[in-house]
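Asker: can't give you the sequence, but here's the structure:
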């Protein structure tokens, strides 16, 4: 039973969906966000609810987190730098915003004697070349991106706190999410570029990179399934759609939704950028054993994302697509 | 061929042994250490050599590292907090001194266009319950100590720099080291306590924890074998003695060297402390394929360590054993 929840990254894509769900389930929620990438508009519904309180702050500020955390019993730590591709331009960002921030949240919890934490990690921790669908106990991976490395470092902090301080830790390794309030990633980039030039589009890599996606409400389901039903601690769970689609597939659905037929130009190579993985698909057997299953498939997820962006073009102004 | 080497943690146990070896092999060496746990005395031989220069500084200070790094071509990053057991008393120390410091060293290298780095990681990254002898590609481990988590986080930074910036990265996962200049660990603790009371000794756990050790010169051999002979990047190599011994075995050799026969009292449980692993033994097949093999066995390593401490009791004053 969830009672008093604390959500970092509450104004983000997945965070705000989680906040809305927790409130709908009858929990009270303290949201925490620095609004560096989060959007106040995503919390409009939440702000109308008596059970919701929002605190603006930086997750790296242990004292600020500890102050906001008062009276909460379960932390959902979603605040993160999610801009995977630009890691190499700003190599301290992932470390600061994903690893050090997680340490600060854990220390704030320890100060407040709050010991339950769910954390959104990433499929990127499996690095490159893992067998697919990749299980949680795949061979010891080699990190290929600063993003993956920073999230794996945060996982290590959570599990060491579980061992050392008796924390209950739930770690969810997510594929890229799709759906309402989506504001970052390949659909966003394609949408923005097709809007400015619907006749021609450049595709990173060869278009045959295959990735799994997961609908945002399925992510929220996974977080709740973990916290409510997973036995033991720490718990590590993959979250992934049923199978991968190619970049070309996804672009096809986006174009179809938009009614455009651009000429595709391929940058070439088997991956989109340095540190990108040409195939991401996770085994979700553990999560399914908790009763979870994806409710929305990949094509439908991509199409809903495009429709959402079309109805919310203000997001294109707020968030610039990747260069 | 090693020419101009930069060694962080140069005044440490393994670091100073590496410095001496590199100088003996004809390389020039810039040593870097903050002397928080390193000992100036360990560098007495090195300081007499024309090819050696020592810089006092904090590895977290990117500018200081970058300044000292000028003209070097290969970094050996050994500076670290190696006090595994006290992680839970000071939960930011490992993150700061092992993870953030590694990021700073990597950034200093990038600023100086130095791209070769060897790094001493730890068997602790395998967490608890790995099959033994543990290979480098064991199943994805769950971190049980802040020390292991911080070193794995540093590994991730190195491999992401290898992928993203073309760094040549050699990661050595070391068991506990033994030998001359040893100044931290179970032999040190037993020695100090037997000196104050030779009739009675408390043993953490049940005495049957089994760990592998490696002689310090074998560690140095491993570092050089990696840098000189390992193909590809990143390279990850276990460094371990031929097999584990129990705490009771080791205590027996220590007592024999000291000519004491204390009554042993056991704290109980299957491990020495929270986050300790009751069995550590690494598969060194990869390293052996490079021509490496341990030259000094565990019993001889323990005995040499005791003899070294007996000849250097000043270390007991400088470094307090674990509480």
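Answerer: Received the coordinates, thanks. Keep in mind it's a predicted model, so treat the numbers as computed, not measured.

Asker: okay but residue A:116 is in contact with residue A:76, surely?
Answerer: No - if you go by C-beta atoms under 8 Å, residue A:116 and residue A:76 don't touch, sitting 9.6 Å apart. From N, CA and C alone the C-beta is placed, and that goes for glycine too.

Asker: more crowded one of the two?
Answerer: More neighbours surround residue A:76 than the other of residue A:116 and residue A:76, with 31 against 19 (other C-beta atoms under 10 Å in any protein chain shown).

Asker: Wait, the more buried one touches residue A:17, no?
Answerer: No - Residue A:76 is not in contact with residue A:17 according to C-beta under 8 Å; the separation is 11.2 Å.

Asker: in a strand, that's where residue A:276 is, yeah?
Answerer: No - according to DSSP: H, G, I helix; E, B strand; the rest coil, residue A:276 belongs to no strand; its state is coil.

Asker: roughly how far apart are it and chain B?
Answerer: 10 Å (C-beta to the nearest C-beta, to the nearest Å).

Asker: where does the stretch 101-250 of chain A come near chain B, residue by residue?
Answerer: A:103, A:106-107, A:110, A:126-128, A:136-146, A:148-150, A:152-153, A:155-157, A:159-161, A:163-165, A:234, A:236 (C-beta under 8 Å from any C-beta of the partner chain).

Asker: so how many other residues sit close to residue A:199?
Answerer: For residue A:199, using other C-beta under 10 Å, the count is 9.

Asker: Likewise for residue A:88?
Answerer: Counted with other C-beta under 10 Å, residues neighbouring residue A:88 total 16.

Asker: Look up the closest residue to it, ignoring the ones flanking it.
Answerer: Nearest residue to residue A:88 in three dimensions, chain neighbours excluded: residue B:164, at 4.5 Å (C-beta to C-beta, 6 or more residues apart in numbering or on different chains).

Asker: Look up phi and psi at residue A:210.
Answerer: The phi/psi pair for residue A:210 (degrees, to the nearest 10) reads phi -110, psi 130.

Asker: Excluding chain neighbours, what is closest to it?
Answerer: Sequence neighbours aside, residue A:244 is the residue nearest to residue A:210 in space, at 3.9 Å (criterion: C-beta to C-beta, 6+ apart).

Asker: Check residue A:251 too.
Answerer: Distances taken as C-beta to C-beta, 6+ apart place residue A:190 nearest to residue A:251, at 6.0 Å, with adjacent residues excluded.

Asker: From chain B, how far out is that neighbour?
Answerer: Counting by C-beta to the nearest C-beta - residue A:190 and chain B are separated by 24 Å.

Asker: Quick one: mean pLDDT for the helix or strand hosting that residue?
Answerer: Element membership of residue A:190 [criterion: DSSP states H and E] is helix A:186-196. In this model, helix A:186-196 has a mean pLDDT of 95.

Asker: where does the stretch 1-150 of chain A have low pLDDT?
Answerer: Within the stretch 1-150 of chain A, no stretch has pLDDT under 70.

Asker: Which stretches in it count as helices?
Answerer: For the stretch 1-150 of chain A, the helices defined by DSSP state H, counting those that start in this stretch occupy A:13-24, A:44-47, A:62-69, A:93-94, A:101-112, A:146-165.

Asker: winner for burial among these?
Answerer: Per-stretch averages of neighbours, counted by mean count of other C-beta atoms under 10 Å in any protein chain shown, single out helix A:146-165 among the helices of the stretch 1-150 of chain A, with a mean of 27.

Asker: packing partners for the helix or strand just after it?
Answerer: Of the helices and strands lying after helix A:146-165 in sequence (DSSP H and E), the nearest is strand A:168-174. Counting contacts by 3 or more C-beta pairs under 8 Å, 6 or more residues apart in numbering or on different chains; DSSP states H and E, strand A:168-174 packs against strand A:116-122, helix A:146-165, helix A:216-229, strand A:235-239.
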